[in-house]
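Below: sequence and its predicted model.
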Amino acid sequence: MSLTASMWTGVSGLRGHGQKMGVIGNNIANVSTVGFKGSRMHFEDFMSQDISTASGVGQVGRGVTVGTVLGDFSQGALESTNEATDVAITGNGFFIVSPPGEEIQYYTRAGNFRFNKDGYLVDPHGYRVMGWEMANGSIQGVPGDIQLENFQSPPAETARVSMVLNLDSESETTNPAVGNGIWDLWRPDLDPDQPIGPEAYTYQSTLRVYDENGGGHNLTIYFQQRDAQGAEPVANKYWQFIVTVPPAEDQRGLGGADDGLLFQGEMVFNAAGELINMQNLASIQNADGSEPDPVFSTNGHPWVYANFLGVDQAEMQPIELTFGLRNVNPDPNPALWDWTPSALNSTSYATASTTLFQTQDGYTAGFLQNVSISREGVLTGRYSNGQVQELYTLTLADFNNVWGLRREGGNLFAETRDSGPALTGLAGAGRLGTVASNSLELSNVDLATEFVKMISTQKGFQANSKTITTTDTMLDEVIRMKR
């Protein structure tokens, strides 16, 4: 091998260490880049030349070349932020983004996303983040652009009313039935929408219910204890109740005393104050009078019919009413009813009457107030009416060979034949990591490590330069031999 060849061996070393310094410099330059993944360079010997030796054929190396540049896909530290749409992946996986109107997809670990003016969730380049649309808690179809198109939650009419009460067993009893004869006792000195006076009941509880247009209405249930009659066990407690709404808001068209009176019945408690039975249930539904045999829901609770918007009688939405008992045998014959208590049940103890718990499932229209993203990548909207709706689920992607991905700049990677196709899935499923909201993944570049590499690379570059200068000195000696 000639001296000139020795010089070129040193040149290969300079070239290789210079390229490695470029990799190190790029890592250091991106030490503050969100989601950046560093790189490392590996050398390999270039080739060897055969030469004759006393013992046969020997080999002399001809320098160094770059073997490979591998990405470092280790987890970066997380930084907390004030934005719910700042998201980071803890573990394997990439977010998927796509330029508007194009079929290409890019993959990124930088989750600094925002909603644009059109409601799309986008990255800083305006590329749209991809996810599955949610409906009734389940993902729908295939991944697509995440877009908030409806910033309003539609109203829902009340379909169920639940109350858990304690009715004072030592309350004064009365024999007349609470019903039509009491409801129409007009009391102009009271609320004109509530024709019943305080002498007609012992306790009442009111909650707000909603019609299909989101309008709110007060639904009031009045309770009155009566004495045992006939063969009824004297030790039991019998509480009559009626379910009412303000007569002016009752659009069933009944007319007269029944306006605003929706339902009447009785609750029976045993001597220990436990609710054991319901009887004399009557839903006042039709304009021609009462319906003596109430229709039970599939859960075994009686229906209460209200009509706030004047719809046809057949279109009235029934409201399921429960005090803690359900009928597991909804036969029209009351003698065959079989009541079973639930975990929360009304009582009649010798303490003051009170409402322990009440709820209904209707609500008015609401407007989107904020969004949040769960560990599973579920984007949830919270509305002014208290509703919480799951809107989208972020789609994550992983690859069999992440080192085969191509860096496209802008914190983006592209799929290649070496990486294999993207394997998409839900956050936290299989080998995919989970999502951290209000967080950004920082660069995984370690400055201390990079500076050590920089020093060793500098020394390597310096040593290879000595190879060239030493070879130059040797060539000078050859030239001086002619003098």
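Sure, I can see it.

Which helix runs longest in the chain?
When the chain is scanned for its longest helix (criterion: DSSP state H), the result is helix 447-480.

Going by neighbour count, list what's buried in it.
450, 453, 454, 457, 460, 461, 464, 467, 468, 471 (16 or more other C-beta atoms under 10 Å). The way it works is simple: take the backbone N, C-alpha and C, and place the C-beta from them, glycine included.

For these, give me CSV that also has distance to residue 325.
Shown next, in CSV, are those (distance: C-beta to C-beta, whole Å):
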residue, distance to residue 325
450, 71
453, 75
454, 77
457, 80
460, 84
461, 86
464, 90
467, 95
468, 96
471, 100
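
now those residues in a markdown table, with pLDDT?
Formatted as a markdown table, the buried residues of helix 447-480 follow (pLDDT from 0 to 100):
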| residue | pLDDT |
| --- | --- |
| 450 | 91 |
| 453 | 90 |
| 454 | 91 |
| 457 | 88 |
| 460 | 87 |
| 461 | 87 |
| 464 | 82 |
| 467 | 82 |
| 468 | 81 |
| 471 | 80 |
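
one step back: what packs against the longest helix of the chain?
Counting contacts by 3 or more C-beta pairs under 8 Å, 6 or more residues apart in numbering; DSSP states H and E, helix 447-480 is packed against helix 3-29.

Quick check: mean pLDDT of the helix it packs on?
Mean pLDDT, helix 3-29: 85.

give me the element the nearest residue to residue 300 once chain neighbours are set aside is part of.
Computed as C-beta to C-beta, 6 or more residues apart in numbering, the closest residue to residue 300 that is not its neighbour in sequence is residue 326, at 3.4 Å. Assigned by DSSP states H and E, residue 326 belongs to strand 325-327.

Tell me which residues touch residue 467, please.
The neighbours of residue 467, taking C-beta atoms under 8 Å, 6 or more residues apart in numbering as the test, are 6, 7, 9, 10, 13.

need the contact list for the spatially most central residue of the chain.
By C-alpha atoms, centre = their mean, the chain has its centre lying nearest to residue 378, at 3.7 Å. The contact partners of residue 378, taken as C-beta under 8 Å, 6+ apart, are 134, 390, 392, 393, 394.

How much space separates the last one from residue 425?
The spacing between residue 394 and residue 425, counted by C-beta to C-beta, to the nearest Å, is 11 Å.

residues in contact with the closest residue in space to residue 348 that isn't next to it in sequence?
Once flanking residues are discounted, residue 348 sits nearest to residue 269: 3.9 Å by C-beta to C-beta, 6+ apart. By C-beta under 8 Å, 6+ apart, residue 269 lies in contact with 167, 169, 236, 237, 238, 239, 275, 276, 347, 348.

Point out the ones among these that are inside strands.
237, 238, 239, 275, 276 (DSSP state E).

possible to save those residues as a markdown table with pLDDT, neighbour count and distance to residue 352?
Below are the ones in strands among the contacts of residue 269 laid out as a markdown table (pLDDT from 0 to 100; neighbours: other C-beta atoms under 10 Å; distance: C-beta to C-beta, whole Å):
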| residue | pLDDT | neighbour count | distance to residue 352 |
| --- | --- | --- | --- |
| 237 | 94 | 28 | 15 |
| 238 | 94 | 21 | 19 |
| 239 | 94 | 28 | 15 |
| 275 | 96 | 24 | 18 |
| 276 | 95 | 15 | 22 |
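
any chance of those in TSV, with distance to residue 229 too?
Output for the ones in strands among the contacts of residue 269, formatted as TSV (distance: C-beta to C-beta, whole Å):
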residue	distance to residue 229
237	13
238	8
239	14
275	19
276	17
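
Would you tell me which one of these comes nearest to residue 34?
Ranked by distance to residue 34 (C-beta to C-beta), these are led by residue 275 at 59.5 Å.
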